[in-house]
Structure formats: C-alpha cells, structure tokens
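In: Structure for the following, please:
(chains A and B)
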2 protein chains.
Amino acid sequence: MRATYFVIIAGPAGSGKSTLTSALSLWMHENDLDVVKVNLDPAAELLPYTPDVDVRRYVKTRDLMIEYGLGPNGALVLSVDYLINYVGELRRDIEEARGNYVIIDLPGQLEIVAFRRLGPIILSELTKGYRSAMIFVLDSKLASDASSAYASALLALSALYRVKLPMVIALNKVDLVVDYETYRKNPEALDENLFFLRMLSDYYSCVESGIKTVFIEPSINEKLCEVFKETFKEVIPVSSKDMFGVDEVYASLQRVLIGGEDFLTEEFSGKI
Amino acid sequence: MRATYFVIIAGPAGSGKSTLTSALSLWMHENDLDVVKVNLDPAAELLPYTPDVDVRRYVKTRDLMIEYGLGPNGALVLSVDYLINYVGELRRDIEEARGNYVIIDLPGQLEIVAFRRLGPIILSELTKGYRSAMIFVLDSKLASDASSAYASALLALSALYRVKLPMVIALNKVDLVVDYETYRKNPEALDENLFFLRMLSDYYSCVESGIKTVFIEPSINEKLCEVFKETFKEVIPVSSKDMFGVDEVYASLQRVLIGGEDFLTEEFSGKI
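Out: Numbers count the residues shown, from 1 in each chain, chains lettered A, B, ... in the order given. Just a heads-up that it's a prediction; the model follows:
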C-alpha cells in the first residue's frame, strides 16, 4: 500500500485556492497519482473541479442563513465552526475515497479558519496520522510591490505559526504580472516584477525597499528581511489557469513532504 | 473649529470590532466629544450601536446575493470592492454628520479589506486629509498562548504594512482570560495569562516560548521577538462589553494621533 499525503490549500479570499486545487489535481491525475479532492468550504457555490469529498454534504452556509436567520458574515463563521462536528464523517469519506494525495481546498476566507479557535483544531484532527503540508496561495498582484509583498509574507508567516505544517508558497495568477513571452526572453523578468521573489533572492533590495517604500525603521526592517529569507525556502510562481508552474509546485511539495526532516514529530523547525 | 480625527476599527472576524466601536463611541460621548459612528460593513445585520453614517444605504451584501445570484463568499468580496464607487458619498455623509472623532467600523472579515487590491485604496480615499489611526482588535483568547499570540502579532504587522496608519492594538474580551477579581488582587495576572503582553514585556519569555512552543528556529525567533517588541508600543487589554480599558484605548489613541511624529506625511516610521 502506498502512503497517503495530505495537502492543505490555504490563502486569503480571492487568491485562487479552488483553481489551484483543480490544476494540481489534474496534473497529479495525468501523472498517474490517485488524488482525492476535498471541498472544505461550506459556502462554495461553483467549483472548478468535482470534489470527491464535499463538506456541503454535512453543512451549507446558505442553509444556516435561512435556518438561523443569520447574515452572510455570521453564517460563514458559524458554518466553519460547525465542521468540528463532522471531522469523523469527513475522515471516513476521505479514507473510503482512497488516494496517494488528499487535497483539501479550504474555505474562501482564510481568517475564519486560521484565526478562530476551532480552525486549527479541525485541520489537525482531519490530518492526524498523515504526513501533511500546506500550500499557501497568494495573488501575485498582491506580491508585486514592496508593501503588499511584506504584508503577504507576514500573513503567510502568521498562518504558518497557527497551522504548523510545512508550507509551500504559490504565487498564483503570475500571468497577470508577467506575460510568458517576456518571461521566455528574460527569465529574470519574474524577479523584477514580483517583489516577493526579489526580496528573498536579494537581501539589499529587501532592506532598501522596506525602508524607502514600506517606511519601516531600518533596524526592524533588517530583521524582517532576514526572517523572510530564512523562512521562505519554497516559493513557486504559478498560473493555475494556464497550468504554468504546477509541476514545480508538485516538486516543491515532494521536498517538504518526503525529503528533509520528519515533521510528524512535534519538533517542527519553523523553516519551510 | 476643532480638528477631526479618524479612527479605523480593524481586526479579524469575530474579534469584536462592532462592540468596541459601540463602547468607544459611548465613552467619547460621555466625555463630551462629538462622535460620528460609521458602519462600513455592507454585510452587517444587527449592530450594537446606531450608525450615523451607514454604507448599507449604498450597498448591501444580501442584495448582491439575490441580484447576481452569488454565494455568501462572492457577495461579500464583491460588496466590499463595490464601496470604491461610494467613497464620495460616504465622505459627504461623514462631513455632514460633523464630529471630533469619526469611528469607522470595518467589514467583518479583515482579509477582504486588507488583502485585496481595493481595500487600502478605499480607506486612504475615505480618510484623505484627516489625521487617522487604526485600532487593531484581537480576541484575547487568540492572544493568550504563544502560537496564537505570534500568529496574531504577525497578522497585526501585516495589516499595519498594508494600511500604513499608526496602530493601537486592543486585546478585546479580556474578561474571558482573567476575571476582574483575580486582576484586582494581582495586576500581573494579565501578563501571566496573556502571552501577547508577556512577549512584549519580557524578551526572554518570548524567545523561550517561541522555540519551545511555536517550534521556530532560534535565530529566526530572536529576530521576531525583537520586531514585536520594537513595533508594538500601544497594546491595551479591553473588555468592550464591560467598558473595561476603554479609557486606556482613548489615551493610547491620543498618543498616536496627537503626540509623537507627524504621520500625515509619507514618512511613516513603522513604529506604532
């Protein structure tokens, strides 16, 4: 029997979690891997893939709006908290579906999973006993200038310490930042147009922009640049809609899931 | 004519932004200050205060769900992006309401404001020309242990670099972490039970817990502890429902709004 790995797709609203779930599962399927696609968003309406396991079988945000007379905010929060009651059912559904990879597409809003009390508990119960990694999806447009890249990096770091799983960062929708023609002629165009990449590859560029553009005190800024550089080792530019970079995301997942240290123990290094 | 200050109430879903808006405006009112309460959440249903300016006059999430056949996720995101069209109207409403303080209660989900393209633009258009500060509200329960406190601090830092306004952190619902009786007998009980406070007041405690509990590499962790200590200068424990600490929040706002450097210029120091 082959091992089963869990891949959690996280990221803020609108970063393209579901499209990446679709692209990555397609790539895996084409490479003869069995994939179980799990929709964990009780508020999902139209998905770009057909989920093998679907949380909406148990909880639907729309139903809670009607049943309890809640607004969209309250119903979203309640419906995600509610999932704690169905972890057993979801694990059973996932195990019955059988696969080498279980891809879990998280709810649309990151904060109602990562920054509420139950979110990390639900995720840890769901993945218990399995090697797991998180893909943190960011919209490349929100990683192209210095201020946004800093904010996105800190958000990713924040999710890392809440969820405590090794992390791959997917800079999604990269086609919106650099067109492929430019990229083919000049592969460094990505670094130039995506500050998130540049701040990791070029420490002085990070230090300079942090001070001049984000207006951070030099002493604080230098430390942040070092933290980013030392923490984010796996950052992959992707375009889910064009299947660009999806093979790289898979290779990156392999490194954090199989290569390197044993992160099933409690001693998680904090390096990803 | 007295000056007008803008106070933006931000924070993740469920941190208690609206209750703090209510408590702070009540406190200001009792202290003879004119307050304009602005609801900026198009998805708000029941508010604990009566808004003087209400975004729902122009956009309602529920209406967008029906009109465009959207789910709650899509409608929330669209309705906040939509606000860009009504910034002029909202500014006019705010100016007509007249006040020394304009308190803006942000939408329930932080990420659809802070981590989308339009959010920071809407806020900067709305507050243009006025001295402004942000109160970042956190649920004290999500600031009590080391992992959650690290994640919350990074989230606050991330919002700071996106929104670029001086920030006061309100550790809300502090009554859920320490009861007043214990606190009255032993004022240090707060520090002991709220890791967020301890990591700022005691560097070694931050370093030790970061390594042992959050499992961060020592070299990265030390830098983060320094960044937190150097950045977060105004952190106030509050219980909005009991009006505990609200006066301190006001004093803290005074320090960042009136004392200290001129943050209306572009040269924002990054220190809050």
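In: Residue numbers of the stretch 51-200 of chain A in contact with chain B?
Out: By C-beta under 8 Å from any C-beta of the partner chain, the residues of the stretch 51-200 of chain A that approach chain B are A:61-62, A:65, A:70-77, A:107-112, A:114-117, A:141-142, A:147-148, A:150-152, A:154-155, A:157-159, A:161-162, A:164. Where C-beta positions appear, they are placed from N, C-alpha and C, glycine not excepted.
In: So which of those residues sit within helices?
Out: Of those, the ones assigned to helices by DSSP state H are A:61-62, A:65, A:72-77, A:111-112, A:114, A:147-148, A:150-152, A:154-155, A:157-159, A:161-162.
In: thinking again about what came up before, buried only: go through the residues of the stretch 51-200 of chain A next to chain B for me.
Out: A:61-62, A:65, A:70-77, A:107-112, A:114-116, A:141-142, A:147-148, A:150-152, A:154-155, A:157-159, A:161-162, A:164 (16 or more other C-beta atoms under 10 Å in any protein chain shown).
In: For the stretch 51-200 of chain A, which segments count as strands?
Out: A:53-54, A:101-105, A:131-139, A:167-172 (DSSP state E, counting those that start in this stretch).
In: State the distance from the closest residue in space to residue A:6 that isn't next to it in sequence to residue A:107.
Out: Nearest non-adjacent residue to residue A:6, counting by C-beta to C-beta, 6 or more residues apart in numbering or on different chains: residue A:132, 3.9 Å away. Going from residue A:132 to residue A:107 by C-beta to C-beta, to the nearest Å gives 17 Å.
In: where exactly do the helices run in chain A?
Out: A:17-30, A:61-68, A:72-82, A:87-97, A:111-114, A:118-127, A:146-163, A:180-185, A:189-193, A:195-201, A:203-212, A:218-231, A:246-257.
In: What pLDDT does the model give residue A:28?
Out: For residue A:28, the model assigns a pLDDT of 97.
In: Measure how buried it is and give me the count.
Out: 21 (other C-beta atoms under 10 Å in any protein chain shown).
In: show me the residues around it that make contact.
Out: For residue A:28, the contact set (C-beta atoms under 8 Å, 6 or more residues apart in numbering or on different chains) comprises A:35, A:100-101, A:250.
In: cool, residue A:250 as well?
Out: Residues near residue A:250 by C-beta under 8 Å, 6+ apart: A:24, A:27-28, A:31.
In: Also residue A:171?
Out: By C-beta under 8 Å, 6+ apart, the neighbours of residue A:171 are A:138, A:140, A:143, A:194, A:196-197, A:235-238.
In: Now tell me which of those residues the prediction trusts least.
Out: Lowest pLDDT of the contacts of residue A:171: residue A:143, 91.
In: gap between the residue lying closest to that residue once chain neighbours are set aside and chain B?
Out: Nearest residue to residue A:143 in three dimensions, chain neighbours excluded: residue A:196, at 3.7 Å (C-beta to C-beta, 6+ apart). Residue A:196 sits 13 Å away from chain B, going by C-beta to the nearest C-beta, to the nearest Å.
In: Residue A:196 contacts residue A:153, correct?
Out: Yes - using C-beta atoms under 8 Å, residue A:196 is in contact with residue A:153, at 6.8 Å.
In: about what we covered before: weakest of the helices of chain A by average pLDDT?
Out: The weakest mean pLDDT among the helices of chain A belongs to helix A:180-185, with a mean of 84.
In: buried ones in that helix?
Out: Those would be residue A:183, for helix A:180-185 by 16+ other C-beta under 10 Å.
In: Can you tell me the centre-most residue of chain A?
Out: residue A:136 (2.3 Å; C-alpha atoms, centre = their mean).
In: beta partners for it?
Out: residue A:10, residue A:169 (DSSP bridges).
In: what number of residues lie near residue A:205?
Out: There are 16 residues near residue A:205, going by other C-beta under 10 Å.
In: contacting residues for the nearest residue to residue A:17 once chain neighbours are set aside?
Out: Counting by C-beta to C-beta, 6+ apart, residue A:9 is the residue found nearest to residue A:17 once chain neighbours are left out, at 4.7 Å. Contact analysis of residue A:9 by C-beta under 8 Å, 6+ apart lists A:17, A:20-21, A:24, A:103-106, A:134-135, A:137.
In: re earlier: among the contacts of residue A:28, name the buried ones.
Out: Buried among the contacts of residue A:28 by 16+ other C-beta under 10 Å: A:35, A:101, A:250.
In: TSV for the residues you listed, including distance to residue A:5?
Out: Shown next, in TSV, are the buried ones among the contacts of residue A:28 (distance: C-beta to C-beta, whole Å):
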residue	distance to residue A:5
A:35	10
A:101	5
A:250	11
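In: any idea how far residue A:80 is from residue A:16?
Out: For residue A:16, the distance to residue A:80 - C-beta to C-beta - is 20 Å.
In: number of nearby residues for the nearest residue to residue A:81 once chain neighbours are set aside?
Out: Taking C-beta to C-beta, 6+ apart, and ignoring the residues beside it in sequence, residue A:81 has residue A:118 as its nearest neighbour in space, at 5.0 Å. Using other C-beta under 10 Å, residue A:118 is surrounded by 16 other residues.
In: thinking again about what came up before, wait, the residue nearest to residue A:6 sits on residue A:3?
Out: No - Residue A:132 is beyond contact range of residue A:3, at 11.6 Å (criterion: C-beta under 8 Å).
In: These two: which has the busier surroundings?
Out: residue A:132 (25 against 10).
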